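1. Please find the sequence and the predicted model below.
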Amino acid sequence: MAESSSHSLVQKILETVSVITSIGVFKTHKKECSTFTRRVKLLVPLFEEVKDLNISLSEEDFTCFTTLATALNTAKALLLLCNRGSKLYLILEQQNVANQFMLLNTTLGQALDRSSLPGISDEVREQVDLVHHQFQRSKGLDDPVDAQLNAELNSALNAAHGHSESQLKQLAEAFKFDTARALMTELQALQGMRTEKEPALDGLLRNERGFEQILALLNVLRILFPQEDLEQEDPELKKLQVELRAGVDKVSIQPASDIATDKGSPDIPDDFKCPISLDLMRDPVIIATGQTYERSCIQKWLDSGKRTCPKTGLPLPHTNLTPNHVLRSVIAEWCTLHGVELPKKRAKGSQCSPEDKAAIDELVAKLSSPIVEVKRGAACDIRLRAKKNVDHRICIAEQGAIPLLVALLLSPDLKTQEHAVTALLNLSINDSNKGRIMQAGAIDPVVEVLKNGGMEARENAAATLFSLSLVDENKIAIGTSGAIPALVTLLRDGTPRGKKDAATALFNLSIYQGNKVRAVQAGVVPPLMKLIADQPATMMDEALAILAILATHHEGRIAIGALGPTPTWVKIIVSESSRNKENAAAILLALCSHHPRYIMQARECNAIEPLTGLAHSLEATNRAKRKATALVDLLKLKSEPENLSQRVESMIV
C-alpha cells in the first residue's frame with residue numbers, strides 16, 4: 001500500500017482519536033463512555049508510532065486500519081451524542097446506546113485481531129495486545145443511575161392521568177433540570193438530535209414517537225419556571241457577544257473575487273459559526289463539553305475567569321482546547337466553493353492596544369540595531385512582555401520578531417543570547433508560534449546556545465526544545481540536530497534546574513523511536529543512574545521515566561543492563577512511590593523479557609514478594625499491575641538456565 005495513503009489514513013485516525021479523548025464529560029452511559037475512551041487512548045502510541053516511523057501498511061493492515069477509522073468515527077459520533085445530546089432521549093434509548101457500544105467494542109477487537117503490526121516496538125505491541133483483549137472480553141456495563149432514570153422517565157411518559165407538580169419537580173430533580181437554562185439546553189439538544197442526525201447513528205435516532213413524547217414532556221416541565229427565566233441569557237455571554245459584534249476579534253468573510261462581490265456574501269451555515277461571536281470560524285476548537293468555538297472567542301471567555309461552557313452551561317473539568325481539524329477542513333472547502341476568502345489571521349491582528357502595539361513595533365525595530373546594548377535591552381523587554389501577556393505573544397510574532405530573535409542567538413554577547421532564547425521560550429507557549437520558530441530555522445542556533453551559552457541561557461534553551469518537541473514532527477528535527485548530546489551534557493553537569501529542564505526535554509524527545517538510540521549513544525544512561533543513586537534522590541522520578549522509555553529499545557536495554565544492577569530496581573519496587581514502582585517494574589520486565597540472566601538475578605533478590613504486592617495494590621495503576629504480574633510469571637518459571645531463554649521467548653509471543 002502506498003506510503004502516502006497509509007500516512008493519510010493514520011493521520012485521520014489520530015485526528016478522530018484526538019476529538020474522542022478530549023470530550024471528557026458525558027450526560028449518560030458514563031461507564032461505557034469512560035471505559036471506551038480509555039481503551040481508545042491506549043491505542044494512541046500505536047497510531048503515533050506507525051506515523052512517526054512512516055510505516056507503509058500492507059494491504060491487509062490497511063484494510064484493518066480502514067475498519068478502525070470507520071469504527072472510531074462512529075464512536076466519536078456516539079460519544080459526542082452522550083456528551084451533547086438530549087439526556088432524556090439517551091435515557092429512553094438506554095439499551096440501544098449500550099448495544100451500540102458493544103458493537104463498537106466487537107468491531108475494534110476484530111480489526112485488531114487481523115492486524116499484523118510489523119515494525120512496532122515491543123512496548124507498543126504489548127499495549128495493543130492488552131487493549132485487543134479488553135475489546136474482545138468487553139461486556140455491557142450496567143449503570144444503576146441510568147437504569148433508575150430510565151424507570152422514572154418511562155413512568156412519566158406512560159402516566160395515564162397527567163402529572164402533578166410534585167411529580168414534575170421530582171423528575172426535573174432526577175435529571176438535574178434545576179434551572180430554566182438547563183431545561184432550555186435540553187430542549188435545544190433534543191431539537192439538534194432530531195434535525196441534524198448523524199448518519200453513522202441513524203438506527204439510534206429513528207424513534208420519532210420517543211422524540212414527540214419527550215418534546216411534550218419538556219413543554220409540561222416549562223411550568224416549573226417563570227417565563228422571564230426561560231428567556232434570560234447569561235449577562236457575561238451577552239456582554240462578550242456585544243464586544244465581538246462591535247469588532248473585537250471579529251472575523252469577517254471577504255469575497256475572493258469581484259464575481260463573489262456582485263453576487264453578495266453567501267449565507268454562512270450555522271454549524272460554521274462560533275456560538276459566541278456568530279461569525280465564521282477560522283480556527284475552530286473543541287472544549288471539554290464537546291462544543292466547538294472560535295479559538296480567540298472561547299479563550300477570551302476563559303480568560304475572564306469563566307469555567308462553564310457558554311452554550312450548555314455545563315461546568316468544564318479542564319480548559320484544554322482541541323483543534324477541530326475536520327470542521328476547519330469542511331469550512332475551507334465551503335469557502336472555496338462559494339468564493340469566500342477565510343482570513344488566516346485576525347483582521348486586526350492580536351488584541352493588543354494601539355499603545356502596546358506601537359511599543360512592540362519599536363522594540364522589534366531595535367532588535368536590528370547595530371548597537372549591542374540596544375539589541376540586548378529590546379530582547380529583554382520582549383522576553384518580559386512575552387512572559388506576562390497572551391496577546392503580546394501573538395503581537396510580537398506577527399510583527400516579525402521571531403527571525404530577529406533567532407539571529408540574536410548567535411550574538412557573541414552572552415546576555416543578549418540569554419534574553420533572546422528566553423524570549424523564544426516564552427513565545428513558544430503559543431502553538432502558532434511554535435511553527436513560526438521552526439520555520440525561522442531556530443533549532444541549530446538554540447542547540448548552539450545549549451552547548452556554549454551561559455548557564456541560564458542553556459537551561460532556557462533546553463526548555464525551549466522541550467516546548468517545541470510537543471509538536472510530534474518537531475521531535476525528529478530536534479533529534480537530528482545534535483541537541484540530544486548537548487542535553488545529556490546539561491543533565492550530567494548542569495544546575496538542579498538545568499538538569500530538570502534537560503530531563504524533561506530528553507523524556508519528550510525519547511518518545512520518538514529514532515531518538516532513543518541517539519540518547520543511548522550520547523551516553524544518557526550513566527547520568528540517569530547517578531540521579532537514581534543520589535541522596536537525596538530529587539530527580540528519581542524523571543530518571544526512571546526516561547529509563548522506562550529507553551528500555552523498550554534493544555540498545556537501551558543493553559546500556560541499562562550494563563549499569564543498572566537488578567537489586568536497584570527491586571529496591572525501588574519495595575520502597576518508592578507508586579509511579580516509581582511502576583517504571584522500575586517496566587524496566588525490570590523489559591530486561592527479564594530479553595535475557596534470562598536478569599530473571600536469575602531478580603530471583604536472587606527475592607523480587608516475587610514485592611512484585612506480588614504491587615500486582616494487587618489498590619494504589620497501583622493498571623500498567624503497573626500488568627508489569628508486575630508478567631514479572632511474577634517470568635520469575636516462577638521452573639526451567640534450567642540453559643532452557644530459560646526459550647521459555648521466556650514463548651511467553652513474550
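-> Looks like it came in fine.
2. Going by C-alpha atoms from here, please, whenever you check contacts or count neighbours.
-> OK.
3. And for Glu362, the neighbour number?
-> When neighbours are defined as other CA atoms under 10 Å, Glu362 has 12 of them.
4. Just the element for it, please.
-> In this structure, Glu362 sits in helix 354-366 according to DSSP states H and E.
5. Same check on Val285?
-> strand 284-286.
6. now do Arg623
-> Following DSSP H and E, one finds Arg623 within helix 622-635.
7. Could you report the distance from Val17 to His325?
-> Distance of Val17 to His325, given as CA to CA, to the nearest Å: 12 Å.
8. Tell me which of the two has more neighbours.
-> Taking neighbours as other CA under 10 Å, Val17 and His325 compare with Val17 leading, 22 against 18.
9. Could you tell me the phi and psi values at the more buried one?
-> phi -60, psi -40 (degrees, to the nearest 10).
10. So which residues of the stretch 1-150 of the chain form helices?
-> 3-22, 30-42, 44-52, 59-84, 87-92, 94-113, 122-136, 144-157 (DSSP state H, counting those that start in this stretch).
11. could you give the mean pLDDT of the last one?
-> Helix 144-157 shows a mean pLDDT of 86 in the predicted model.
12. Likewise for the fifth one?
-> If you average the pLDDT over helix 87-92, you get 92.
13. could you give the mean pLDDT of the strand holding Val285?
-> Mean pLDDT, strand 284-286: 84.
14. again, but for stretch 389-408
-> Taken as a whole, stretch 389-408 has an average pLDDT of 92.
15. How far does that stretch stretch from one end to the other?
-> End-to-end distance for stretch 389-408: 22 Å, by CA to CA.
16. Walk me through the domains of the protein.
-> Structural domains annotated on the chain: 1-232, 235-341, 349-441, as defined by automatic domain parsing.
17. Lowest average pLDDT across those?
-> Looking over the domains of the chain, mean pLDDT reaches its minimum on domain 235-341, with a mean of 68.
18. Mind exporting the C-alpha coordinates of stretch 105-119 to CSV?
-> Backbone C-alpha positions of stretch 105-119 (Å, rounded to 0.1, in the frame of the first residue of the first chain) are rendered in CSV as follows:
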residue,chain,number,x,y,z
ASN,A,105,-16.1,-3.0,21.0
THR,A,106,-16.6,-6.1,18.9
THR,A,107,-15.6,-4.3,15.6
LEU,A,108,-12.5,-2.8,17.1
GLY,A,109,-11.5,-6.1,18.6
GLN,A,110,-11.9,-7.9,15.3
ALA,A,111,-10.0,-5.3,13.4
LEU,A,112,-7.0,-5.5,15.8
ASP,A,113,-7.2,-9.3,15.6
ARG,A,114,-6.5,-9.2,11.9
SER,A,115,-3.6,-6.7,12.1
SER,A,116,0.0,-7.9,12.0
LEU,A,117,1.5,-4.6,13.0
PRO,A,118,5.0,-5.1,11.5
GLY,A,119,7.8,-2.8,12.8
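19. Can you list the buried residues in it?
-> By 16 or more other CA atoms under 10 Å, the buried positions in stretch 105-119 come out as 105-112, 115, 117.
20. Then stretch 412-429?
-> Taking 16+ other CA under 10 Å as the neighbour-count basis, stretch 412-429 is seen to contain the buried residues 414-429.
21. and the residue nearest to Ala440 when sequence neighbours are not counted, how many neighbours does it have?
-> The spatial neighbour of Ala440 that comes closest, neighbours along the chain excluded (CA to CA, 6 or more residues apart in numbering), is Pro403 at 5.4 Å. The number of residues packed near Pro403 is 16, by other CA under 10 Å.
22. And Lys366, by the same measure?
-> Lys366 sits with 20 neighbouring residues when counted by other CA under 10 Å.
23. repeat for Asp381
-> Residues near Asp381, counting by other CA under 10 Å: 16.
24. can you tell me how far it sits from Val446?
-> Distance of Asp381 to Val446, computed by CA to CA: 20 Å.
25. who touches Lys30 in this structure?
-> Lys30 sits next to Asp143 when contact means CA atoms under 8 Å, 6 or more residues apart in numbering.
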